[in-house]
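*Asks:* Requesting a structural model of the entry that follows:
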Amino acid sequence: MPAQDQPTRLPKHMRSIDDSRFGYDEARHLLWRAGFGGTPDQINTLASWGPQRAVEHIVEYDSIPYESPDATLFDSQIIRPYTEEEQRIIRQARQSRDEETVARFRLMQQQSQRDDRRQVRRIQHWWVTRLIESPRPLEEKLTLFWHGHFATSYRTIENSFHMFQQNQLFRKHASGNFAELLYQIIRDPAMLAYLDNNDSRVGRPNENLARELMELFSLGVGNYTERDIKEGARALTGYSFNDDSFVFNENNHDKGSKNILGQSGRLDGDDFVTAILEQRACSRFICTKLYRYFVAQVPFNWRDIPSDQRAFIDQMASTLLRSKYDLQPVLTKLFLSEHFYAPSVMNEQVKSPVELVVGAVRSLHTPVRDLNILTEALDLMGQNLMFPPSVKGWDGGRSWVNTSTFFVRQNILAFLLTGKKPVGYDALADQQEYKSEELLSWLRETDPSAARDPARVTDYLLRLTLGSAPPRASATLEDFIHDHGDNLERGMLTALLLIITAMPEYQLC
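*Replies:* So this is what the prediction gives:
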């Protein structure tokens with residue numbers, strides 16, 4: 001056959017995974033990276049479906065029934081502006097030096113702040129519950145991604161309902177259109193308050209939102225100028241909110257001509273966002289963030305990314321542009337790619353605290369036990385939901401694990417498996433007994449003799465929990481079983497899981 005007639009094999013970054021190469025390990029990898037892990041039944045179901053149907057099921061989650069959060073789920077009026085009558089009373093009290101009335105309003109405000117801090121804790125519990133229970137794990141995984149990307153902290157804005165509203169916004173656009181999400185984020189009360197844009201006005205523009213909109217949210221360092229920031233800040237003047245709703249204060253808006261990223265005219269916030277979206281750097285930046293979240297940590301600087309990974313991200317960016325910033329085609333391409341299932345990618349990502357806790361409950365079916373303890377553990381491990389450390393969000397990767405967080409990681413897994421705390425014992429532990437033997441149900445149904453064989457059971461548990469069965473780990477577990485009379489009853493399985501979840505390899509997915 002002449003050379004020009006020979007079929008050419010596509011570069012690895014462009015190939016889709018073959019059906020023949022999509023088995024248990026690949027299905028498990030998909031469930032962890034596109035969600036928070038899966039049970040043996042879920043892994044085997046996806047493996048039997050093949051990559052196309054499995055990815056479609058995960059990415060096109062709108063077809064899976066699940067109630068959207070109710071806007072009235074939490075109290076919107078704990079933190080609210082004073083009514084005109086209240087403003088009149090306070091103004092009058094200050095003028096007449098009526099300290100008793102002023103003090104009464106101050107006490108009311110302090111009580112509201114205490115109530116609001118309690119509500120943000122309830123919102124944390126609600127979201128952790130949803131992360132655990134949702135049949136649409138990618139929706140929640142992406143909501144978490146956007147929470148870290150458009151990082152906003154309750155500690156700064158001190159309005160729990162605004163944090164809930166923002167969480168709703170991220171969920172609504174989780175796998176939708178990034179352009180639409182960017183137009184909405186400049187109208188989000190939590191973001192406007194967090195970056196001080198609610199006080200930005202003509203003649204006194206605040207540059208915080210304009211800077212972060214380009215540096216952290218859409219373009220990355222080096223793809224804009226200081227002039228773009230100043231002009232962008234002018235475009236965003238008048239973008240504010242009243243109570244829980246966006247307000248455009250036209251009298252505070254700079255109506256003069258501006259030049260942003262090569263676009264000129266009497267530009268407003270929407271024009272600013274449009275100018276951003278027209279930059280090739282935008283699609284590359286967002287796809288780099290998605291790649292770091294779902295695949296592997298790479299540098300943010302485009303030129304510093306290894307060539308094969310850069311080529312793959314560039315393909316993702318081209319897909320994003322062709323879809324006019326719709327995210328589903330990009331995610332589908334990513335999760336179907338051969339690159340996503342490369343040995344250098346699988347079992348190499350450090351689990352975030354949320355992935356660790358939620359993933360343990362979802363994959364091992366442990367009891368939830370106590371949401372207070374779970375949220376406190378997330379905080380101690382460095383991922384306090386609704387409280388990202390800065391506008392940059394969480395660094396992720398290896399920063400999740402150090403000597404202090406590793407200790408908490410082991411303890412929270414022991415708590416989920418047994419109910420034991422570092423000090424004391426959960427009083428409800430006996431009522432919430434972990435039925436670890438349920439993990440063997442699939443093995444018993446397919447091969448009853450294997451469920452009685454210590455070597456087969458340890459291999460089964462290790463592949464479920466670690467994604468592989470390292471010889472050292474297998475030998476450790478088999479020796480432990482032998483030393484305890486080769487008994488594979490419920491208590492033994494829980495003991496084996498305690499050993500496995502304390503292994504360094506369990507911190508990876």
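
*Asks:* Isn't residue 163 up against residue 151?
*Replies:* No. When contacts are counted by Cβ atoms under 8 Å, residue 163 is not listed as touching residue 151 (11.6 Å). Quick note: C-beta positions are derived from backbone N, CA and C, even for glycine.

*Asks:* Can you name the residues in contact with the lowest-mean-pLDDT helix or strand in the chain?
*Replies:* Every helix and strand of the chain was ranked by mean pLDDT, DSSP states H and E. The lowest is helix 441-446, at a mean of 88. Helix 441-446 is contacted by residues 40-41, 44, 450-451, 456-457, 460 when judged by Cβ atoms under 8 Å, 6 or more residues apart in numbering.

*Asks:* Repeat that for stretch 185-199.
*Replies:* Under Cβ under 8 Å, 6+ apart, the answer for stretch 185-199 is 150, 152-153, 156-157, 159, 162-163, 165-166, 169, 206, 208-209, 212-213, 217, 236, 239-241, 244-246, 269, 272-273, 391.

*Asks:* Between all of the contacts of helix 441-446, which two are separated the most?
*Replies:* Greatest spatial distance in those: 41 and 456, 17.7 Å, computed using Cβ to Cβ.

*Asks:* gap between the spatially most central residue of the chain and residue 151?
*Replies:* Taking Cα atoms, centre = their mean as the criterion, residue 144 is the residue nearest the geometric centre of the chain, at 2.1 Å. Residue 144 sits 11 Å away from residue 151, going by Cβ to Cβ, to the nearest Å.

*Asks:* what does the model give residue 175 for pLDDT?
*Replies:* Looking at residue 175, its pLDDT reads 98.

*Asks:* Could you do residue 158 as well?
*Replies:* 98.

*Asks:* who's in contact with it?
*Replies:* 79, 113, 116.

*Asks:* Using PyMOL, define a selection of the buried residues within the residues you listed.
*Replies:* To isolate the buried members of the contacts of residue 158 in PyMOL, using 16 or more other Cβ atoms under 10 Å:
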select buried, resi 79+116
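
*Asks:* how distant is stretch 314-321 from the center of its chain?
*Replies:* Counting by Cα atoms, centre = their mean, to the nearest Å, stretch 314-321 is centred 22 Å from the centre of its parent chain.

*Asks:* Just the C-alphas of that stretch, formatted as PDB.
*Replies:* As requested, the backbone C-alpha atoms of stretch 314-321 are provided in PDB (Å, rounded to 0.1, in the frame of the first residue of the first chain):
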ATOM      1  CA  ASP A 314      -6.200  23.400  23.000                       C
ATOM      2  CA  GLN A 315      -8.500  20.800  21.600                       C
ATOM      3  CA  MET A 316     -10.900  21.400  24.500                       C
ATOM      4  CA  ALA A 317     -10.700  25.100  23.900                       C
ATOM      5  CA  SER A 318     -11.500  24.700  20.200                       C
ATOM      6  CA  THR A 319     -14.500  22.600  21.200                       C
ATOM      7  CA  LEU A 320     -15.600  25.300  23.700                       C
ATOM      8  CA  LEU A 321     -15.500  28.000  21.000                       C
END
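
*Asks:* I'd like the distance between the residue lying farthest from the centre of the chain and residue 83.
*Replies:* Farthest-out residue of the chain from its mean C-alpha position, per Cα atoms, centre = their mean: residue 96, at 51.8 Å. When distance is defined by Cβ to Cβ, residue 96 is 20 Å away from residue 83.

*Asks:* again with residue 388
*Replies:* As judged by Cβ to Cβ, residue 388 and residue 83 stand 33 Å apart.

*Asks:* More neighbours: which of the two?
*Replies:* residue 388 (20 against 9; other Cβ atoms under 10 Å).

*Asks:* what's the nearest residue to the more buried one if we skip its chain neighbours?
*Replies:* residue 151 (3.9 Å; Cβ to Cβ, 6 or more residues apart in numbering).

*Asks:* so the one you found sits right up against residue 396, yeah?
*Replies:* No. Counting by Cβ under 8 Å, residue 396 is not a contact partner of residue 151; they are 11.9 Å apart.

*Asks:* Let's verify residue 434: helix, strand, or coil?
*Replies:* Classification of residue 434 by DSSP: H, G, I helix; E, B strand; the rest coil places it in coil.

*Asks:* burial of it, as a residue count?
*Replies:* Using other Cβ under 10 Å, residue 434 has 20 neighbouring residues.

*Asks:* Show me where the chain has its strands.
*Replies:* Remark: strands assigned in the chain by DSSP state E are 239-242, 245-248, 258-260, 263-265.

*Asks:* Let me have the ones you listed in JSON lines, adding mean pLDDT and mean neighbour count as columns.
*Replies:* Formatted as JSON lines, the strands of the chain follow (pLDDT from 0 to 100; neighbours: other Cβ atoms under 10 Å):
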{"stretch": "strand 239-242", "mean pLDDT": "98", "mean neighbour count": "19"}
{"stretch": "strand 245-248", "mean pLDDT": "98", "mean neighbour count": "13"}
{"stretch": "strand 258-260", "mean pLDDT": "98", "mean neighbour count": "21"}
{"stretch": "strand 263-265", "mean pLDDT": "98", "mean neighbour count": "13"}
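
*Asks:* Residue 336 is nearest to which of the ones you listed?
*Replies:* Closest approach to residue 336 among the strands of the chain is made by strand 263-265 (36.0 Å; Cβ to Cβ).

*Asks:* follow-up on the earlier one: buried among the contacts of helix 441-446? Make that a PyMOL selection.
*Replies:* PyMOL command restricting the contacts of helix 441-446 to the buried ones, with burial defined by 16+ other Cβ under 10 Å:
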select buried, resi 40+44+451+457+460
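
*Asks:* Would you enumerate the residues in contact with residue 488?
*Replies:* 451-452, 454, 457, 481.

*Asks:* do that again at 7 Å, thanks
*Replies:* Each residue near residue 488 by Cβ atoms under 7 Å, 6 or more residues apart in numbering is listed here: 452, 454, 457, 481.
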